[in-house]
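# Below are the sequence and a predicted model for it; my questions follow.
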Amino acid sequence: MRNDFAVFIMVWGRPEKMWTARTLRRQGYTGKIFYVADDLDETLPAYREKYGDDLLVFSKIEVMDQFDPGDNTGDLRSTMYAVNVIPRLAKENDIKYFMVLCDDYTRIAYKHNAQLEFTDKPVKSLDEAFLALLDYFLRTDALTIAFAQTGDFIGGKQSKKAKDIMVMRKAMNSFLCSIDRPFRFLGRMNEDVTTYVNLGHKGNLFLTVPNIVIHQKPTQSEKGGLTGMYLDYGTYTKSFFSVMYNPSCVRIGKMGDKHKRIHHKVIWDNAVPCIIGEQYKKDLVEQV
């Protein structure tokens, strides 16, 4: 793996469980891994013992006023602080390109085979997958590119994402970034959605590739991480953060197949600049 690339895993409150790191190594990632924690985590000593110099710790109190949480609760439970600090940590460790991941990935899989048929086969070489994603990233102007999530394929092979095999104009949960393309995440909860809509509204590009999907532990099924915050505030509050920042194009809706749950819904016609087809182009000379 190239020396200027690394994976940064955000960790909090569950040092005994590191699904993502095990998944990365099991599926052929040989590069650098850093673990990012804040100094308010009571389990920090256990993380230090387990990961040593690969654990990077930042002061949440020192950075709390640098980023917009979107509320006045004073609750510091959020990945917004860690994800916004990671570019600085990357630069300090001579890393130019980096993947930001959560700690609960159990599998990373291909969603289409060589014949573009819908599937779910584990990636055997994440080195190759990350390098291919980086190559695509460098060919675009995107601020970040993400892998798909299982929720993108509700309905299986009959889902729209499974049939279209097109990049999506969003980025959630996993982020390929560069220190040369800086941006900030917004909001204490649902910060990924809020950010790709808010900055996308201003013409910035956020992308998700549908060819690879991350499998995670079920939401709120494990202690630690952000489970406590989500249980305290509920899914409605989480989703409404994106409505507050982007009221013209985000509303509360439902998602799911048989078992519906509250979720954000982006009205894309109102959200981002769109390319107008050539058939609508008018001859300015004729107009004069």
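Perfect, I can see it now. Bear in mind the structure is a predicted one, so any value in this text is a computation, not a measurement. Numbers count the residues shown, from 1 in each chain.
# So which residues of the stretch 51-200 of the chain form strands?
Assigned by DSSP state E, counting those that start in this stretch, the stretch 51-200 of the chain shows strands spanning 55-58, 97-101, 105-112, 118-122, 144-149, 175-178.
# Enumerate the positions of the fifth one that are buried.
By neighbour count, and taking 16 or more other CB atoms under 10 Å as the criterion, the buried residues in strand 144-149 are 144-148. Glycine gets a C-beta too; all of them are placed from N, C-alpha and C.
# just the first one next, same as before
In terms of neighbour count (16+ other CB under 10 Å), strand 55-58 has its buried residues at 55-56, 58.
# Could you give the average pLDDT over that strand?
For strand 55-58, the mean pLDDT works out to 98.
# distance of M99 from D53?
Using CB to CB, to the nearest Å, one gets 19 Å for the distance from M99 to D53.
# Which of those two has more residues huddled nearby?
Neighbours per residue (other CB atoms under 10 Å) separate M99 from D53, with M99 holding more: 25 against 7.
# Excluding chain neighbours, give the residue nearest to the more buried one in space.
In space, M99 comes closest to V7 once its chain neighbours are excluded; the distance is 4.7 Å by CB to CB, 6 or more residues apart in numbering.
# Which SSE is immediately downstream of the helix or strand hosting that neighbour?
Element membership of V7, judged by DSSP states H and E, is strand 5-10. Where DSSP H and E defines the elements, the next helix or strand beyond strand 5-10 is helix 19-26.
# Going by contacts, tell me the helices and strands next to that next one.
strand 5-10, strand 32-38, strand 105-112 (3 or more CB pairs under 8 Å, 6 or more residues apart in numbering; DSSP states H and E).
# buried ones in stretch 8-27?
Neighbour counts over stretch 8-27 (16+ other CB under 10 Å) mark 8-15, 17-21, 23-24, 27 as buried.
# which residues does the residue nearest the centre of the chain contact?
For the chain, N173 is the residue whose C-alpha lies nearest the centre (CA atoms, centre = their mean; 2.5 Å). By CB atoms under 8 Å, 6 or more residues apart in numbering, N173 lies in contact with 101-102, 146-147, 149, 192, 214, 216.
# 10 Å instead?
79, 100-102, 104-105, 146-149, 151, 192, 208, 214, 216 (CB atoms under 10 Å, 6 or more residues apart in numbering).
# repeat for V167
Counting by CB under 10 Å, 6+ apart, V167 has contacts 136, 140, 142, 145, 148, 205, 207-211.
# Of these, keep whichever come out buried.
The neighbour-count criterion (16+ other CB under 10 Å) marks 142, 145, 148, 205, 207-211 among the contacts of V167 as buried.
# As TSV, those residues with pLDDT and distance to K157 would be great.
Output for the buried ones among the contacts of V167, formatted as TSV (pLDDT from 0 to 100; distance: CB to CB, whole Å):
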residue	pLDDT	distance to K157
A142	97	27
I145	98	24
A148	95	14
L205	95	28
L207	97	23
T208	96	19
V209	95	18
P210	92	13
N211	92	14
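# These: which two are farthest apart?
Farthest pair in the buried ones among the contacts of V167 (CB to CB) is L205 and N211. Separation: 18.0 Å.
# Return the helix or strand in the protein with minimum mean pLDDT.
In the chain, no helix or strand scores lower on mean pLDDT, DSSP states H and E than helix 284-287, which sits at a mean of 54.
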